[in-house]
Structures are given as C-alpha cells and as structure tokens.
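Student: Sequence first, then the predicted structure:
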Amino acid sequence: MLFDTLSGKARVLQDCPRSELPATLSLTARDDGSFVLTGWREPQGDWIAWRFQLVAESDVTFTGRFSAAGEYVGEPINSDAGLVVPFVDGGEHYMFTLSDDLFGAGAAPACGGAPVGTAVVAENSVTAGDVVVTRASPGPVLADAAEAVVGIGAKLTGSLTANRVKVKMKGTVNGDVAYNELDNNGSIQGKLLSPLALPVPMLLPPFPSLAAGNQNVTLKGKQDLTLASGVYAVVKLKAGTKGDPTILTLSGGTYQLAELDLGEHSRVECAAACTIQIAGRLLPGPSAYLGPASGSGLGPGDVEVFVAGINGQSGKLGGTPKAATVGIDNEVKARIFVPNGTLWIKEGSVATGRFVGRDVEIGIGTQVSGDGA
C-alpha cells in the first residue's frame, strides 16, 4: 500500500483502531516526534489513528521526499537502525509503501484502548449491570441514531452511560442515566446526569498480540476431548445432541486460536482458569455453552476471551458474520473483549460476565448480568 505523509503536527483524537479502513490514510508526526498511521473519513470528518513503528527496511520502502508542490527533493534516509523517516517543517511530505505484514488490507491491528461504537439492549431482554458507550460515534450506529438504545419492554437494572440515549416504550432503566442527548419513552428510575464528559474512562485489560498456529482441532459430534494450552488454527466442535453434547475441555492456561466454531449442543469448558485468544472470529451455534466446567469452582472472571476479528470482509457495522456472537439460546459465563467489531448476544441467551465490544447488541429475550467486577 502506498502512503503519503504531510509533515506537521496533527491532532489525533483516537489511538484505538476502528476496524473499517478510512478513505485516506497517512503517516502523521505526533508532538513527541513519534508517528502514527492515521486516516480521514468522509463525511464524518473524524481522525482514526493506529500506533505504528518503523522497525525494518524490509517492511517499509521509502520512495523519496517531495515538496508541497510535488517536486522531488531528497533521497531516502537509512541508518544502522533501519529506515528513518525524518520530521521536517515547511510543507514537505514523504512517499513510501508498507508491506501487508505491518498493516494488512481490510484489517487493523488490535488495541487495548477503549472501544468506540454503540450498544443496543433489545426487546424484552433483561440486563443486570452497567452499560457504557465510551465515546460519541460518528456513525453508523446499530439503531435509532443513538449510541445506546434500550428496546421495547427491555429492562436494564444497572446504570446507562452514552452520548446519545434512547429508551423505547416500556423500556426500563433502574439505575442512573448519564448522557448528552436523551429520548425517553420508557421509565428511568435513577438520576439523570448531563452533560456527559467524553470519552468515558474504562479500565480494560491490555489486548494481547494474537497469533494462530497451523494445527486444526475438530471434534466429531458427541465427542469429548481435553485440550492442553497452546497455539492452534481453527478449533471446531461439530453438533452434538441435548442429551449428549460435544464437549471440549480446556485444561487451563492460554489458548491462541485462528477461530473458535461451536456447533449446536456443544460445550467449551475450562477446568482451570483459561484465556482464549482468537485472531479471527468466535462463532457459536444454537444451544452452545462457553465457561467454567461444572465443579471447577471457577467464575466468569476466570474465563477470558479476546477476539481480534472484524465484521465480514470490510469490518463495517453491517458486515457479516459478526466478529463475535453468542448464539441463540447459548449460555456463557466469561469475559469477552471484541475491540474491532460487533459482539452480538443473540436471542434467548443467558450471559454472565463482562462483555466489551466496538459495538454490542443484546438480543430479544436475553438475560445478561455482570460478574460483580
């Protein structure tokens, strides 16, 4: 990919990547002399930034230095440390190419910063815990031109914090609502707190650097298997039955996967505290389970799931499949983090833990509760 960096100091509003690629990308010098990969999206007009390091000449090919008028004025600069892109005032800019190893087309590196997006609590669902959307979204949003929507007949027993909040007919929020814009056609029993300073601070675990191996793991229907920690490719559980589900037991530790695919009536159970790091997507089918093994004494906080995948091929809000789903009538006891795409908890599911995503959709008739952390 070819990039053109204009020298000068840029105001970078977001350090955490959005999954969709902006229309225009550049490398921008920061005030401290470091560089970030940035983009300008139209028509929203918001900066999107990725942290970036120039680490090796093989990763970056420097084409040259040009004046603001486009006249070539300089040769590439190299040193023992690799390629150096200098910071020069006066309207000069630089042309160079980046290898896909540094920034692959259609996907952005994962980031541990606060996600930016929207949250929807759908009709007749029950959510026990706080719902927070950390920043104002330039759009698109999941529903109703608001960052947070409480659907018809939905019940939120915690607090709700978002730039724009919509509570639909017979929707209920038992806790406080902090907002900048509010459209309330339901019931808010707590305090109304406005204005809301953005971004909202949120303490999140650092998002790990994800890798995937070459070894696929496939369980036949109704099969039971215990898997040691390690690096794997696609882990797939084929459908079991209600009386004889397919069961993958994780013995504990860290599991790095390309993708986790759970068929209908299948279970992923952690016998000891485990971290599941997925470079691609989390794809459970109906009536699946993800969480601690029965009798293990573990809670939802002992099962952490990090998903780096994006929605579909584009990463856009409407892209399918979603980065992570909790399938229809699933049971989940875990903490799930999806910074680059949508976390969709589908209808009829029961989910306990902490659920963080760029966008989070809580489906019709679901029950979602926090783990007390």
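Tutor: Cool, got the structure. Numbers count the residues shown, from 1 in each chain.
Student: check contacts around Asp176.
Tutor: Ser159, Leu160, Gly190, Lys191, Leu192, Leu193 (CB atoms under 8 Å, 6 or more residues apart in numbering). Backbone N, C-alpha and C define where each C-beta goes, glycine included.
Student: May I see these organised as CSV, with secondary structure added?
Tutor: CSV is the format used below for the contacts of Asp176 (DSSP: H, G, I helix; E, B strand; the rest coil):
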residue, secondary structure
Ser159, coil
Leu160, strand
Gly190, coil
Lys191, coil
Leu192, strand
Leu193, strand
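Student: Any regions of the stretch 51-200 of the chain where pLDDT drops low?
Tutor: The model of the stretch 51-200 of the chain has pLDDT under 70 over residues 51-117.
Student: Would you map the helices across it?
Tutor: For the stretch 51-200 of the chain, helices defined by DSSP state H, counting those that start in this stretch do not occur.
Student: Among the contacts of Asp176, which one has the most neighbours?
Tutor: Leu160 (27 neighbours; other CB atoms under 10 Å).
Student: ok, longest strand in the chain?
Tutor: Longest strand of the chain, by residue count under DSSP state E: strand 331-345.
Student: of the contacts of Asp176, closest to Leu260?
Tutor: Leu260 has its nearest neighbour among the contacts of Asp176 in Leu160, at 30.3 Å by CB to CB.
Student: Tell me how far the closest one lies from Arg281.
Tutor: 28 Å (CB to CB, to the nearest Å).
Student: Between the contacts of Asp176, which sits nearest Arg135?
Tutor: The shortest approach to Arg135 among these belongs to Leu160, at 15.1 Å (CB to CB).
Student: picking up where we left off before, show me what the longest strand of the chain is packed against.
Tutor: strand 289-292, strand 303-307, strand 324-326, strand 350-362 (3 or more CB pairs under 8 Å, 6 or more residues apart in numbering; DSSP states H and E).
Student: who are the neighbours in contact with Val268?
Tutor: Counting by CB under 8 Å, 6+ apart, Val268 touches Leu237, Leu248, Leu250, Leu260, Leu262, Ile276, Ala288, Tyr289, Leu290, Gly291.
Student: actually Ser294, not the one I typed
Tutor: Glu269.
Student: Over to Glu304?
Tutor: Pro205, Cys274, Thr275, Ile276, Ala334, Arg335, Phe337.
Student: count of neighbours near Ala273?
Tutor: By the measure other CB under 10 Å, the count of residues near Ala273 is 16.
Student: Go ahead and confirm it touches Asp302.
Tutor: Yes - Ala273 is within contact range of Asp302, at 4.2 Å (criterion: CB atoms under 8 Å).
Student: Specify the beta-bridge partners of the nearest residue to Val356 once chain neighbours are set aside.
Tutor: Counting by CB to CB, 6 or more residues apart in numbering, Val356 lies nearest to Phe337, which is 4.9 Å off, once chain neighbours are set aside. Beta-bridge partners for Phe337, by DSSP bridges, are Phe306, Val356.
Student: Could you do the one 5 residues further on as well?
Tutor: Taking DSSP bridges as the rule, Thr342 bridges to Asp359.
Student: wait, is Thr275 part of a strand?
Tutor: Yes - using three-state DSSP, the assignment for Thr275 is a strand.
Student: Good, we can wrap up now.
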